[in-house]
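Q: model the structure of this input:
(chains A and B)
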Amino acid sequence: MARTDVQLMLDVKAGDEASFELLLHRYRRPLVNFVFRMVRNQEQAEDLAQEVFLRVYRAREDYVPSAKFTTWLFRIATNLALNSLRDNRNQRMEISLDAPINASDEDGDERLLDVAEKHPNIEQHLVEDARRKMIKHAIDKLPEKQRAAVLLHKYQELDYGEIAKILNCSESALKSLLFRAYETLRVELAPLVAQQGK
Amino acid sequence: MSCGRMESKILGYLDGRLKEGERLKMEKHLVSCAACRVRVHEFSAVSGLLDELPQIEPSPAFDVRVHALVAAEPEKKSWWAWMAPSPRVAFAASMLLLATVWVGSRAVNPGVNGSNSGATIDAQDIPVLENYDVLSNFEALTDLPQPVQAEETN
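A: Numbering: from 1, shown residues only, chains lettered A, B, ... in the order given. As a prediction, this is how the structure comes out:
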């Protein structure tokens, strides 16, 4: 039977490096994806996700399983991502208020593979590509806390109590935050939503 | 259930996280309210759209870099570990202590190694002997020209 996250972390605390390896294997993909959706840059997302694992390792001796492991893990990740976004914003303001940011730069490192040549139906590929970009931009436009809430709710499937702890708010505040986020997405993605209904 | 109260429960309803009573109230409201029915349907569509975003894969170097970061971490010592000396320091300190005790005991009791025979040197003789040793080995003195004899000058 697979050991739980808490059990693995307690084993790491006891000096078992292999358990840390299992946690790394279990959470590297969800973490990288979550941070990537927050900061919109894969290289930066990987750096931050690595920092999350390093902080988990550093804290191993003081680890007390008072909350779910994922709550702790994603709380570290959320704080790092939000701090990074704030730093980037400040840095960008310092560089120049005049120089417009290129829209292609804003797309970050999420360069979709140019598979048109391999795709049997180029038109279909382009439609799908446009849909994905629209969805991505709708998520990117959400305020940071709403974005984090949606990502944790939708992609990590964490329960409301956990997400509320991660975002340091009450459960009712979280529900309101999520509702506003989905409402914004519903409006932003109205053309696609209408297509879904057909 | 009013439309306002309903809004806060749409996601819970779609996630299947409502209690049985709440779920039944919601479904009863949805039967009679077309606007809320549309809203639920659209939220469900948004959720479906979010599923379309592809996941990215961490780069192959990801694990290697985490391992490198972890390996570079200094080993954490407990708060009292600084009090425990390393074996080398402990050995050096004990040798120094032994030497101090030995020298101290000799200074207090000079005749501890035997009788005051002719071979034994008193502490007061040491400066004289040191001076003698320096003078006898001082090359500048041995290289001095011989004093000039009075007869030769005549």
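Q: where does chain B get nearest to chain A, residue-wise?
A: Taking Cβ to the nearest Cβ, chain A has its nearest neighbour within chain B at B:A45, 3.8 Å off. Using the backbone N, CA and C atoms, a C-beta is placed for each residue, glycine as well.
Q: next, count neighbours for the residue lying closest to that residue once chain neighbours are set aside.
A: The shortest distance from B:A45 to any residue other than its chain neighbours is 3.8 Å, reached at A:Q196 (Cβ to Cβ, 6 or more residues apart in numbering or on different chains). For A:Q196, the count of nearby residues is 16 (other Cβ atoms under 10 Å in any protein chain shown).
Q: isn't A:Q196 up against B:S47?
A: No: using Cβ atoms under 8 Å as the test, A:Q196 is too far from B:S47 to be in contact (10.0 Å).
Q: contact partners for B:I56?
A: B:I56 makes contact with A:32-33, A:36, A:42, A:110, according to Cβ atoms under 8 Å, 6 or more residues apart in numbering or on different chains.
Q: in the helix or strand containing B:F43, what's buried?
A: Following DSSP states H and E, one finds B:F43 within helix B:34-50. By 16 or more other Cβ atoms under 10 Å in any protein chain shown, the buried positions in helix B:34-50 come out as B:36, B:39-40, B:42-47, B:49-50.
Q: ok, stretch A:169-181 next?
A: Across stretch A:169-181, burial judged by 16+ other Cβ under 10 Å covers A:169, A:174-175, A:177-179, A:181.
Q: where does chain A dip in pLDDT?
A: Low-confidence segments of chain A (pLDDT under 70): A:95-120, A:197-198.
Q: center of it - which residue?
A: A:F34 (1.9 Å; Cα atoms, centre = their mean).
Q: that one: which element?
A: Here A:F34 sits within helix A:17-39, counting by DSSP H and E.
Q: output the next helix or strand along the chain from that helix as PDB, nothing but the C-alphas.
A: Next in sequence after helix A:17-39, counting helices and strands by DSSP H and E, comes helix A:42-58. Taking C-alpha atoms only, helix A:42-58 is exported to PDB below (Å, rounded to 0.1, in the frame of the first residue of the first chain):
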ATOM      1  CA  GLN A  42       8.000  27.700 -17.500                       C
ATOM      2  CA  GLU A  43      11.600  28.500 -16.600                       C
ATOM      3  CA  GLN A  44      10.600  30.700 -13.700                       C
ATOM      4  CA  ALA A  45       7.900  28.200 -12.700                       C
ATOM      5  CA  GLU A  46      10.500  25.400 -12.500                       C
ATOM      6  CA  ASP A  47      12.800  27.600 -10.400                       C
ATOM      7  CA  LEU A  48      10.000  28.400  -8.000                       C
ATOM      8  CA  ALA A  49       8.800  24.700  -7.800                       C
ATOM      9  CA  GLN A  50      12.400  23.700  -7.000                       C
ATOM     10  CA  GLU A  51      12.500  26.300  -4.300                       C
ATOM     11  CA  VAL A  52       9.300  24.800  -2.900                       C
ATOM     12  CA  PHE A  53      10.900  21.400  -2.600                       C
ATOM     13  CA  LEU A  54      14.000  22.900  -1.100                       C
ATOM     14  CA  ARG A  55      11.900  24.600   1.600                       C
ATOM     15  CA  VAL A  56      10.100  21.300   2.300                       C
ATOM     16  CA  TYR A  57      13.500  19.600   2.700                       C
ATOM     17  CA  ARG A  58      14.800  22.400   5.000                       C
END
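Q: buried ones in helix A:42-58?
A: Across helix A:42-58, burial judged by 16+ other Cβ under 10 Å covers A:42, A:44-46, A:48-54, A:56-57.
Q: how many neighbours does B:D63 have?
A: 16.
Q: how many neighbours does residue 3 have?
A: The chain I'm using is chain A. By other Cβ under 10 Å, the residues close to A:R3 number 13.
Q: oops, I was thinking of chain B
A: 11.
Q: for the residue nearest to it when sequence neighbours are not counted, what are its contacts?
A: Leaving aside its chain neighbours, B:C3 sits nearest to B:C36 (5.7 Å; criterion: Cβ to Cβ, 6+ apart). Applying Cβ under 8 Å, 6+ apart, we find B:C36 in contact with B:3, B:6, B:29-30.
Q: over to A:L192?
A: Per Cβ under 8 Å, 6+ apart, neighbours of A:L192: A:131, A:134-135, B:45, B:49.
Q: out of those, flag the one nearest to B:W102.
A: A:I135 (83.9 Å; Cβ to Cβ).
Q: and the closest one, helix, strand or coil?
A: Of the three states, A:I135 takes helix under DSSP: H, G, I helix; E, B strand; the rest coil.
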